[in-house]
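In: build me a model from this:
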Amino acid sequence: MTTTTLAVLVPLLPFLGAAAGLLLGRTAPGYVRPLAVLPALTSLVLAVWVAVDQGGGRALNAATELTPTGSVPIDLALHIDGFAALVAVLVALVASCVQIYSTGYLRDDPRYPSYAALVSLFTSAMLLVVYSGDLMVLLVGWEVMGICSYFLVGHYWETPEARAASLKAFLVTKLGDVPFLIGLFALATDAGSFRITEILGTVASGGLDHPTLIAVLLLAGVAGKSAQFPLHTWLPDAMAGPTPVSALIHAATMVAAGVYFVARLLPVFEASQAAMVLLAVMAAVTMAGSALCALAQDDIKRVLAYSTIGQLGYMTGALAVADRGAAVFHLMSHGAFKALLFLAAGVIIHAAGTNSLAAMSRMRNLRARVPDAYWTMTVALLALAAIPPFSGFFSKESVLGAAEHVSTGHTEHAPGAAGWIVLIAALFTALLTAAYATRLWLLAFRGHGAEAPDHGRQPLTMTSVLWVLAVPSLAFGAFAYGTLPDWFDGQDLAPTLTTSVLGTGVALVGGIVTYAAWRHTTAFAGRVPLGAVAAHPEGDAAQVEAEAIASHAPAYGDVASAPDPADPGRLLLGPLHRHAATGFHLDAVYTTLFVRPVQAGASLVRFLDREVVDTYVRGAGALPRWLGIAVRRAQTGNVQTYVSALLAGTVVLAVAAVLVATGA
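Out: Coordinates of the predicted model:
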């Protein structure tokens with residue numbers, strides 16, 4: 001087979017697996033798991049094969065006209081460079097791990113067949129985005145991922161949280177997709193083509209007429225899909241879905257699509273200095289704000305969700321300083337350790353037997369009960385905190401190095417202001433990242449909460465996947481910077497001394513300070529008798545804990561200010577904690593500015609429709625109805641009545657004629 005044929009099969013096999021899974025899910029349930037796992041594994045093998053053939057050299061291009069349009073053509077095109085080849089391997093690897101993991105995590109779920117098929121379709125859509133050389137074909141994968149996320153986030157549709165989260169994810173991302181689509185049309189109009197190669201050629205020759213407008217429109221879609229400020233609020237709520245779905249969305253699909261799109265079309269954004277500064281500001285606000293929010297969350301999955309938003313901010317920050325190599329390097333490194341973090345969190349939740357016990361303040365004695373999750377999550381958290389020699393250190397350092405390079409004025413592709421914005425925000429976020437990573441590890445594995453019921457050892461399909469992902473989380477960074485520079489535009493990925501010392505230094509400070517705060521706050525653990533949860537077998541854990549805190553509220557003034565047991569986040573954030581815990585009230589702001597006005601407008605329209613328009617309609621129908629009633633009463637069917645009326649009419653006419661004649 002040629003490389004082109006192999007590349008076509010990479011997204012096609014998961015799609016066929018999804019179709020077969022949906023068709024056979026009810027009639028032949030025994031085939032569901034093989035149809036979920038085997039296509040993903042085969043795509044992984046083929047993606048590796050394509051990457052080896054591509055070798056980081058000249059991009060592979062192939063195209064055939066999809067349909068004649070009469071104007072701008074749409075082609076079924078492939079454009080596989082080093083970035084596309086590597087990202088496809090990441091997507092296929094994470095998808096394979098998620099499918100294998102899900103066979104154990106959802107083994108008793110009656111809706112597993114549809115779930116597995118949607119995960120396969122999700123994977124196929126992302127691979128289409130990665131390999132596509134035409135923006136309209138890319139848009140198909142982009143939108144299919146949005147639909148898949150809606151169904152997968154709402155998998156537990158019986159719960160109101162899942163229904164609300166799926167709807168919110170769909171609407172917020174669609175809010176960004178509208179200007180994104182307009183931007184694609186404007187870009188194709190200026191370039192005369194949807195083909196990526198021709199668009200980049202047009203940019204290189206200075207042929208774009210509206211670069212700033214196009215870049216801003218496209219960034220709106222990127223902000224929605226990759227959960228960047230101000231369209232990031234859907235991602236923390238999306239944790240209502242199954243944990244493997246969270247791993248897939250956060251590590252290799254959906255949110256990675258926006259970053260990858262900008263990396264692929266980076267020259268379009270570089271054509272506008274204003275767009276690059278805007279991208280830097282968006283990245284800086286996203287990084288810092290999400291890290292503060294992560295430090296205040298109690299639910300382990302929400303901590304990881306805000307962590308994803310912040311790490312995506314690092315990637316967009318690298319793009320803002322015109323270094324797509326650093327952005328994609330961190331995208332791949334982050335994909336490995338973030339998938340590991342979510343799947344390890346799923347093991348913890350599975351051990352507790354319920355998603356409601358994902359609150360870290362209620363965790364206890366988990367190190368001994370889930371040793372696989374403990375060791376692998378420790379590796380992933382060290383990678384997240386960018387501690388050398390773990391993979392996150394090398395990829396995050398490449399972002400810091402790129403920002404420092406631009407801030408000193410050593411590039412013509414990005415303004416120096418963008419470099420300073422990204423560098424300062426990235427260092428501050430590195431401090432906070434190490435803090436919330438340390439806090440998560442301490443509360444999850446050394447916490448003093450009530451011990452949840454032990455639901456036995458987790459399936460091998462779940463724990464084995466953790467160790468597979470631990471390998472790239474530990475070693476990918478050192479391997480990539482030493483062996484793969486040709487795949488990243490030939491850029492040197494080796495760490496630089498200045499930013500390495502700064503980044504590692506602030507990370508160590510964040511971890512040490514958080515540990516000291518945790519030691520200090522353990523004194524409060526005895527004030528809240530969370531052991532009452534374990535001694536209350538028929539009560540809800542959250543309700544019992546709330547009652548326990550309420551019973552001690554006088555010591556703190558009110559329930560809201562009562563500190564969580566041994567939570568260093570409350571001590572570190574101080575009065576900022578309650579704001580960070582709610583995402584700085586951004587949802588409330590959106591509700592006030594947008595939701596309520598729309599609801600008020602809808603109420604007004606309903607009032608006008610019912611009380612004004614319907615009144616006229618009812619009035620227009622009333623007059624004929626009254627006339628009909630009058631005529632109907634005249635039709636009595638009595639012959640005498642008709643003759644009398646005829647004679648009376650004749651008399652009236654005769655009298656009228658006489659009067660007229662006399663007057664004449």
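In: neighbouring contacts of stretch 412-425?
Out: Under the contact criterion C-beta atoms under 8 Å, 6 or more residues apart in numbering, stretch 412-425 has outside partners 270, 273, 276-277, 279-281, 283-285, 287-288, 313, 317-318, 320-322, 399-400, 403-409. Yep, even glycine has a C-beta here, placed from its N, CA and C like the rest.
In: in strands, which of those residues fall?
Out: If you go by DSSP state E, those have nothing in strands.
In: just the strands from the protein, written as ranges.
Out: Counting by DSSP E, one finds strands in the chain at the ranges 60-67, 74-80.
In: out of those, indicate the one that is most buried.
Out: strand 74-80 (a mean of 21; mean count of other C-beta atoms under 10 Å).
In: residues making contact with that strand?
Out: 4, 7-8, 50, 54, 59-67, 88, 131-134, 136-137, 194-197.
In: one step back: let's have the strands of the chain in CSV, adding mean pLDDT and distance to residue 14.
Out: Shown next, in CSV, are those (pLDDT from 0 to 100; distance: least, C-beta to C-beta, whole Å):
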stretch, mean pLDDT, distance to residue 14
strand 60-67, 84, 20
strand 74-80, 90, 17
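In: which parts of the stretch 301-450 of the chain are helices?
Out: Assigned helices in the stretch 301-450 of the chain, in chain order: 324-352, 366-369, 371-384, 391-407, 416-445 (criterion: DSSP state H, counting those that start in this stretch).
In: quick one, which of those is nearest to residue 504?
Out: helix 391-407 (7.1 Å; C-beta to C-beta).
In: quick check: angle from that closest one to helix 416-445?
Out: Angle of helix 391-407 versus helix 416-445, following axes from the mean of the first three to the mean of the last three C-alpha atoms, to 10 degrees, is 160 degrees.
In: what comes up buried for helix 391-407?
Out: 391-407 (16 or more other C-beta atoms under 10 Å).
In: how about stretch 586-597?
Out: residue 587.
In: let me see the mean pLDDT of it.
Out: What stretch 586-597 shows for mean pLDDT is 90.
In: what's it in contact with?
Out: By C-beta under 8 Å, 6+ apart, stretch 586-597 touches 230, 233, 582.
In: burial of the last one, as a residue count?
Out: Going back to what we said before, that points to residue 582. Close neighbours of residue 582, defined as other C-beta atoms under 10 Å, add up to 12.
In: for it, what are phi and psi?
Out: Torsion angles at residue 582 (phi, psi; degrees, to the nearest 10) stand at phi -100, psi 20.
In: let me see the contact set for it.
Out: Residue 582 neighbours (C-beta under 8 Å, 6+ apart): residue 588.
In: any figure for the gap between it and residue 304?
Out: According to C-beta to C-beta, to the nearest Å, residue 582 stands 18 Å off from residue 304.
In: rewinding a little: looking at the strands of the chain, which is closest to residue 624?
Out: The nearest among the strands of the chain, by C-beta to C-beta, is strand 60-67 at 52.6 Å.
In: buried ones in the longest helix seen in the chain?
Out: Secondary structure of the chain per DSSP state H: the longest helix is helix 160-191. Across helix 160-191, burial judged by 16+ other C-beta under 10 Å covers 162, 165-166, 168-170, 172-173, 175-177, 179-184, 186-188, 190-191.
In: got any ranges where the stretch 501-650 of the chain has weak pLDDT?
Out: Across the stretch 501-650 of the chain, the ranges flagged by pLDDT under 70 are 523-565, 633-634.
In: can you pull out the helices in it?
Out: 531-534, 541-551, 568-573, 577-581, 586-590, 596-607, 614-634, 639-663.
In: check these for me and report the most buried one.
Out: helix 568-573 (a mean of 22).
In: how far does that helix sit from its chain's centre?
Out: The chain centre lies 27 Å from the centre of helix 568-573; the measure is C-alpha atoms, centre = their mean, to the nearest Å.
In: contacting residues around that helix?
Out: So helix 568-573 is contacted by 292, 295-296, 435-436, 439, 442, 513-515, 517-518, 520-521, 563-564, 577, 580 (C-beta under 8 Å, 6+ apart).
In: coming back round to it: against which helices or strands is the longest helix of the chain packed?
Out: helix 135-153, helix 196-204, helix 211-225, helix 234-237 (3 or more C-beta pairs under 8 Å, 6 or more residues apart in numbering; DSSP states H and E).
In: next, format these as TSV and append distance to residue 103 and mean pLDDT.
Out: Shown next, in TSV, are the helices and strands packed on helix 160-191 (distance: least, C-beta to C-beta, whole Å; pLDDT from 0 to 100):
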stretch	distance to residue 103	mean pLDDT
helix 135-153	16	95
helix 196-204	37	93
helix 211-225	28	95
helix 234-237	26	93
